[in-house]
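Participant: Have a look; sequence and predicted model below, questions after that.
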Amino acid sequence: MGIYPRGEVGADVVGAESGGGEVAPPTRVQLTRAAYDRLREDLEQARDVLRPALERRMRRERLFGDPGRGSLLVDELRGHLADLEARIAELDATVARAEVIGEGAPPTTVGLGTAATVRYEDGTEEMLTLVGPLEADPDRGLVSIDSPGGRALLSKLPGSTATVEAGDIRIRIQVVSVRGVDRVAVPVQ
């Protein structure tokens, strides 16, 4: 994910080497509602709380700090502020490119933004939610749509079986039910 100057959020230049210089539309970032809301909260926290606090601390240090050690601390605070500004720009660009998924009519197949209860060969069950790569966290059951498991589950109906392969690992899983995030499950029929 890149950091873009204001006014060029998410813009990529296409054909620059050929002199075309056309601006391509920004790449959409697909997020569940929960991830989008967390992203917005992170942006607001960084912009409205952390940045003003760092600026106040730097100003106080410059006005009232020990001149001998103050310049080193002020330089360190400037570095933290620059890092925070970069993070704010990155969050701002991501929010601008975000597309909330998993809302609308309840799903009947596994897809981006849906949660699927799956049954492994040993009989254990687990809820897996298909998400975009930015949001993936396998330990929490958030499966990237680009992962072997995400690709294998995509478009499966409840009751169907998927084979997941990654190198020398191969497992079969059955889709027990599919639901939209925060919706009622669609059971096997």
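Facilitator: Ah, there it is. Residues are numbered from 1 along each chain as shown.

Participant: so how many other residues sit close to residue 137?
Facilitator: With neighbours defined by other CB atoms under 10 Å, the count for residue 137 comes to 12. Every residue, glycine included, has its C-beta placed from N, CA and C.

Participant: quick check: domain ranges of the protein?
Facilitator: Here the domain parsing of the chain from automatic domain parsing is 12-100, 102-187.

Participant: what about the helices in this protein?
Facilitator: Secondary structure of the chain, counting by DSSP state H: helices at 33-45, 51-64, 67-97, 148-153.

Participant: Serialize the ones you listed to CSV and add fields for mean neighbour count and distance to residue 137.
Facilitator: Output for those, formatted as CSV (neighbours: other CB atoms under 10 Å; distance: least, CB to CB, whole Å):
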stretch, mean neighbour count, distance to residue 137
helix 33-45, 15, 10
helix 51-64, 13, 27
helix 67-97, 14, 16
helix 148-153, 20, 13
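
Participant: counting residues per strand, which one in the chain is longest?
Facilitator: strand 169-180 (DSSP state E).

Participant: Show the contacting residues for the closest residue in space to residue 171 that isn't next to it in sequence.
Facilitator: Of all residues not flanking residue 171 in the chain, residue 164 sits nearest, at 5.2 Å (CB to CB, 6 or more residues apart in numbering). Counting by CB atoms under 8 Å, 6 or more residues apart in numbering, residue 164 makes contact with 148, 149, 152, 153, 170, 171, 172, 173.

Participant: Residue 98 too?
Facilitator: Contacts of residue 98 by CB under 8 Å, 6+ apart are 28, 29, 30, 31, 36, 39.

Participant: let's see 7 Å
Facilitator: For residue 98, the contact set (CB atoms under 7 Å, 6 or more residues apart in numbering) comprises 29, 31, 36, 39.

Participant: Report the beta-bridge partner residues of it.
Facilitator: residue 29 (DSSP bridges).

Participant: Look up how far residue 41 lies from it.
Facilitator: Distance of residue 98 to residue 41, computed by CB to CB, to the nearest Å: 13 Å.

Participant: Could you do residue 75 as well?
Facilitator: Where residue 41 is concerned, residue 75 sits at a distance of 30 Å (CB to CB).

Participant: Can you pull out the low-pLDDT segments for the chain?
Facilitator: Low-confidence segments of the chain (pLDDT under 70): 1-26, 70, 102-106, 181-189.

Participant: mind running it again at 50?
Facilitator: 1-18, 182-189 (pLDDT under 50).

Participant: quick one on the thing from earlier: what's the closest of the contacts of residue 98 to residue 63?
Facilitator: Here the nearest of those to residue 63, counting by CB to CB, is residue 39; it sits at 35.2 Å.

Participant: so the closest one sits right up against residue 94, yeah?
Facilitator: Yes: in this structure, residue 39 is within contact of residue 94 by CB atoms under 7 Å, at 6.2 Å.

Participant: Distance of residue 75 relative to residue 149?
Facilitator: The gap separating residue 75 from residue 149 is 47 Å, by CB to CB.
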